[in-house]
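Enquirer: kindly generate the corresponding structure for this input.
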Amino acid sequence: MRPTLLAVAHGSRDAAASGTIRALLRRVRALRPELTVRCCFLDLAEPSLSHALAQLAGSRPILVPLLLSTGYHLRVDLPAALATAGLPFSHLAPALGPHPLLAEALADRLAETGAPPDAPVVLAGAGSSDPTALADTTRMAHLLATRLGRPVTPAHLSAATPTPHQAVTAFHTAGHPHVALATYLLAPGFFAHRAATTAATWTSAPLAAHATVARLVLHRYDQTRAATAIPAAA
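Expert: The predicted model follows:
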């Protein structure tokens, strides 16, 4: 038996967000059918993280945060939950982003919009008051720029500037009438609706259950299991 993969999503009041996360995990299970994969949420949806850990009491799951950056949840909330459950911090995988696989998925979502390969791009992340999370979004913009072969401007949907509206307007002011906006979110919900309100000509959908994101979830699981030398019988 392999350690259970416990995917921890942010949570949303939008039922479509929870449905998207569950669809992503169905892809994960299809890629690794021998692996037990469970899902829980940090807020606003069920099951909660504490409930999921209680259900797995006595086992040693690996927590894979379905988060795109290293912010407060990953630095404080998740380690505290592990400590309460009597699990070592080493059972916590890194955030999904930044990572080249996400650049691949973002590029695919942009291509789906029909945006031409020379359109300037704004990367719209959720935003945070945590400088580490903001730096992660900037690094993700660099990875996407490398993938696309052109500059990408990072922007934040909350708590920081530039906002996506400001970044798109700056491109317009600089003489670029048509701008593409890459939605750097996993699921639909409040922030995705906000991202769709800019004056960008093309706006990509959230990453959602993209096959490459499913591969990245398993990559984070595998690297954490390998780093902690968790035996197959754990």
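Enquirer: work out which residue lies at the spatial centre of the chain.
Expert: Residue closest to the mean C-alpha point of the chain, counted by CA atoms, centre = their mean, is Leu68 at 3.3 Å.
Enquirer: residues in contact with that residue?
Expert: For Leu68, the contact set (CB atoms under 8 Å, 6 or more residues apart in numbering) comprises 95-98, 102, 125-126, 136-137, 140, 184-186. C-betas here are computed from N, CA, C, even on glycine.
Enquirer: may I have the secondary structure class of the spatially most distant residue from the centre of the chain?
Expert: The C-alpha centroid of the chain is most remote from Gly175, which lies 32.0 Å away (CA atoms, centre = their mean). What DSSP: H, G, I helix; E, B strand; the rest coil gives for Gly175 is coil.
Enquirer: in this protein, which spans are helices?
Expert: In the chain, the helices defined using DSSP state H lie at 15-31, 49-55, 72, 78-84, 100-113, 131-148, 164-173, 190-195, 211-228.
Enquirer: nearest to Ser90, out of the ones you listed?
Expert: helix 211-228 (4.3 Å; CB to CB).
Enquirer: and the contacts of the closest one?
Expert: By CB under 8 Å, 6+ apart, the surrounding residues in contact with helix 211-228 are 2-3, 5, 7, 24-25, 27-28, 30-32, 35, 62, 64, 66, 88, 90-94, 96, 99, 101-102, 104-105, 108, 186, 207.
Enquirer: one more time with 6 Å, if that's ok
Expert: 5, 27-28, 31-32, 62, 64, 90, 93, 96, 99, 101, 104-105, 207 (CB atoms under 6 Å, 6 or more residues apart in numbering).
Enquirer: now it against helix 15-31, angle please.
Expert: If you take axes from the mean of the first three to the mean of the last three CA atoms, to 10 degrees, helix 211-228 sits at 60 degrees to helix 15-31.
Enquirer: quick revisit: relative to Pro120, how far out is the residue farthest from the centre of the chain?
Expert: Distance, Gly175 to Pro120, by CB to CB, to the nearest Å: 10 Å.
Enquirer: quick revisit: rank the helices of the chain by pLDDT, which is bottom?
Expert: Comparing mean pLDDT across the helices of the chain, the weakest is helix 72, with a mean of 90.
Enquirer: now do it: distance to the chain's middle.
Expert: Here helix 72 is found 14 Å from its chain centre; the criterion is CA atoms, centre = their mean, to the nearest Å.
Enquirer: again with stretch 44-58
Expert: Distance, centroid of stretch 44-58 to centroid of chain: 20 Å (CA atoms, centre = their mean).
Enquirer: what's the end-to-end length of that stretch?
Expert: 26 Å (CA to CA, to the nearest Å).
Enquirer: could the contacts of Leu68 be laid out in a markdown table, adding neighbour count and distance to Ala81?
Expert: Output for the contacts of Leu68, formatted as a markdown table (neighbours: other CB atoms under 10 Å; distance: CB to CB, whole Å):
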| residue | neighbour count | distance to Ala81 |
| --- | --- | --- |
| Ala95 | 22 | 15 |
| Leu96 | 21 | 18 |
| Gly97 | 25 | 21 |
| Pro98 | 22 | 24 |
| Leu102 | 23 | 25 |
| Gly125 | 28 | 24 |
| Ala126 | 25 | 21 |
| Asp136 | 22 | 21 |
| Thr137 | 23 | 24 |
| Met140 | 25 | 26 |
| Tyr184 | 32 | 25 |
| Leu185 | 25 | 23 |
| Leu186 | 27 | 20 |
